[in-house]
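Undergrad: sequence first, then the predicted structure:
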Amino acid sequence: MGVYEELGLRPAINASGKMTALGGSVLDDAVVSAMGEAARSHVVMEDLLRVAGKVIAEATGAEDGCPTTGAASGIAIAVAAVIAGSDPARVGMLPDPGGRPSEVLLLKGHSVNFGASVRQMVALGGGRATEVGSVNKVSAAHLEGSITERTAALLFVQSHHTVHKGQIPLGEMIAIGKRHGVPVIVDAAAEDDLRHWPATGADLVVFSGGKAIGGPTSGIICGAHALIESCRAQYEGIARPMKVGKETVLGLLQALRQYGGEQDGDGGLDRMTRLAHRLGTLPGITGTVEQDEAGRHIHRAVLTVDPSEAGLDAQGLARELAAGDPPVFLRDHQAGTGRLAVDPRPLTEEEEEQLVHRFTSILGRA
């Protein structure tokens with residue numbers, strides 16, 4: 001019996017992606033070993049955070065880095081850093097900005113909820129999130145005209161959750177920020193090219209450590225050395241309840257050292273093409289393959305459900321799969337429109353066969 005079964009829980013088959021709700025990534029042996037070794041001795045945490053910054057810098061091409069408990073805390077810490085800097089008095093006042101510029105501008109289509117609201121993460125750091133433009137239309141003039149003496153930062157959210165139509169590109173935002181002397185923060189939580197986003201000229205970039213990187217639940221902020229010093233300073237302020245443990249830091253650094261980027265190979269194209277064909281033979285299922293909507297090199301099997309033939313709609317099918325033994329979780333962001341997707345990254349070959357068996361069982365019964 002495994003540790004989850006001892007607690008009365010059932011390990012899940014994750015066909016959804018590297019999702020926080022399903023525990024992020026399954027860790028490989030080297031990462032687990034590093035975390036176990038870290039747990040067996042003490043270390044000066046301030047020294048560890050600085051050394052970690054050098055490893056993060058090497059992996060991302062940035063000047064410096066700061067480990068965090070996740071990308072969400074990374075946003076809060078980054079916002080706090082641009083508002084309070086390293087001044088202990090200002091750090092201690094947050095989330096009250098104390099009269100400092102605290103407005104954080106973000107594109108209307110980027111004001112998303114990724115399990116919590118990005119606006120709330122900004123508020124935790126002492127910022128006041130202000131949306132610019134409309135959901136499907138934001139021009140450079142919209143953004144530039146919204147900058148005032150109260151503006152502390154511009155925030156760009158790179159995610160499958162955001163609207164991609166009609167938004168100004170990151171390059172334009174960075175150019176506007178530089179013209180006005182306003183730093184740009186990029187939330188690139190689930191992105192897999194760790195060197196691309198810092199190279200855009202953004203001042204601070206936030207990644208999740210537990211998604212594409214394959215580390216434990218964690219995150220990183222990378223960017224200019226002075227701003228990263230300000231990020232580390234927040235651990236004596238609002239980041240104190242977000243402090244990252246030595247075991248997590250060592251696991252994250254091991255994952256970073258061995259990370260090759262998820263852009264290698266065909267991004268699951270061949271595998272998902274075969275799976276889409278197999279599932280597409282079942283009643284009411286049309287199987288196709290699509291690339292990730294945010295442009296990452298990930299291909300997913302997309303299953304369009306015809307309720308009249310399948311006997312249940314996409315939402316019902318997703319519920320049946322999740323309620324079974326073992327529970328199977330699909331990517332169900334578009335279930336309301338009849339579409340489900342299978343993400344190949346967390347799915348082993350054995351789990352893929354179990355998934356096919358569960359589909360066959362449910363649709364045969366329906």
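TA: That came in fine, so what should we check first? Residues are numbered from 1 along each chain as shown.
Undergrad: please enumerate the strands of the stretch 51-200 of the chain.
TA: Ranges of strands in the stretch 51-200 of the chain, per DSSP state E, counting those that start in this stretch, are 64-68, 103-107, 128-132, 151-157, 184-187.
Undergrad: to A52, which of those lies closest?
TA: Smallest distance to A52 across the strands of the stretch 51-200 of the chain (CB to CB): 4.9 Å, for strand 64-68. Quick note: C-beta positions are derived from backbone N, CA and C, even for glycine.
Undergrad: and the closest one, how far out from the chain middle?
TA: Distance of strand 64-68 from the chain centroid (CA atoms, centre = their mean, to the nearest Å) equals 16 Å.
Undergrad: where does pLDDT dip in the stretch 251-366 of the chain?
TA: 261-264, 365-366 (pLDDT under 70).
Undergrad: I'd like the strands of the stretch 51-200 of the chain as JSON lines, with mean neighbour count and distance to G23 appended.
TA: As requested, these are exported to JSON lines (neighbours: other CB atoms under 10 Å; distance: least, CB to CB, whole Å):
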{"stretch": "strand 64-68", "mean neighbour count": "28", "distance to G23": "18"}
{"stretch": "strand 103-107", "mean neighbour count": "26", "distance to G23": "28"}
{"stretch": "strand 128-132", "mean neighbour count": "18", "distance to G23": "28"}
{"stretch": "strand 151-157", "mean neighbour count": "25", "distance to G23": "23"}
{"stretch": "strand 184-187", "mean neighbour count": "28", "distance to G23": "21"}
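Undergrad: who wins for proximity to K18 among the ones you listed?
TA: Nearest of the strands of the stretch 51-200 of the chain (CB to CB): strand 184-187, 15.7 Å.
Undergrad: hmm, back to that, kindly reformat the strands of the stretch 51-200 of the chain as a markdown table containing mean pLDDT and distance to G145.
TA: Listed next are the strands of the stretch 51-200 of the chain as a markdown table, based on pLDDT from 0 to 100; distance: least, CB to CB, whole Å:
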| stretch | mean pLDDT | distance to G145 |
| --- | --- | --- |
| strand 64-68 | 98 | 33 |
| strand 103-107 | 97 | 11 |
| strand 128-132 | 96 | 9 |
| strand 151-157 | 97 | 11 |
| strand 184-187 | 98 | 17 |
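Undergrad: since we're on E349, how many residues are nearby?
TA: Neighbour count for E349, taken as other CB atoms under 10 Å: 7.
Undergrad: what sits against it?
TA: Contacts of E349 were listed using CB atoms under 8 Å, 6 or more residues apart in numbering, and none were found.
Undergrad: any idea how far L355 is from it?
TA: 11 Å (CB to CB, to the nearest Å).
Undergrad: pLDDT weak spots in the stretch 101-250 of the chain?
TA: In the stretch 101-250 of the chain (pLDDT under 70), no residue qualifies.
Undergrad: tell me which stretches of it form helices.
TA: With DSSP state H, counting those that start in this stretch, the ranges of helices along the stretch 101-250 of the chain come out as 118-124, 140-146, 170-180, 196-199, 225-233, 246-258.
Undergrad: indicate which one of those helices is closest to D187.
TA: helix 118-124 (7.0 Å).
Undergrad: how about the helices of the stretch 101-250 of the chain in TSV, adding mean neighbour count and distance to E309?
TA: Output for the helices of the stretch 101-250 of the chain, formatted as TSV (neighbours: other CB under 10 Å; distance: least, CB to CB, whole Å):
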stretch	mean neighbour count	distance to E309
helix 118-124	21	39
helix 140-146	15	46
helix 170-180	17	43
helix 196-199	19	43
helix 225-233	21	53
helix 246-258	22	44
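Undergrad: turn those into TSV, including distance to L94.
TA: Formatted as TSV, those follow (distance: least, CB to CB, whole Å):
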stretch	distance to L94
helix 118-124	9
helix 140-146	23
helix 170-180	22
helix 196-199	25
helix 225-233	11
helix 246-258	23
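Undergrad: so which of those gets nearest D332?
TA: Closest approach to D332 among these (CB to CB): helix 118-124, 21.2 Å.
Undergrad: which strands and helices lie in contact with that closest one?
TA: Counting contacts by 3 or more CB pairs under 8 Å, 6 or more residues apart in numbering; DSSP states H and E, helix 118-124 is packed against helix 71-84, strand 103-107, strand 128-132, strand 151-157.
Undergrad: hmm, try it at 6 Å
TA: helix 71-84 (3 or more CB pairs under 6 Å, 6 or more residues apart in numbering; DSSP states H and E).
Undergrad: so what pLDDT did G92 get?
TA: pLDDT for G92: 97.
Undergrad: now it: closest residue in space that isn't a chain neighbour?
TA: Among residues not flanking G92 along the chain, G237 sits closest, at 5.8 Å (CB to CB, 6 or more residues apart in numbering).
Undergrad: got the contact list for the one you found?
TA: Neighbouring residues of G237 by CB atoms under 6 Å, 6 or more residues apart in numbering: 91-92, 94.
Undergrad: which of those are buried?
TA: Neighbour-count burial (16 or more other CB atoms under 10 Å) is assigned, among these, to 91, 94.
Undergrad: all set now, cheers.
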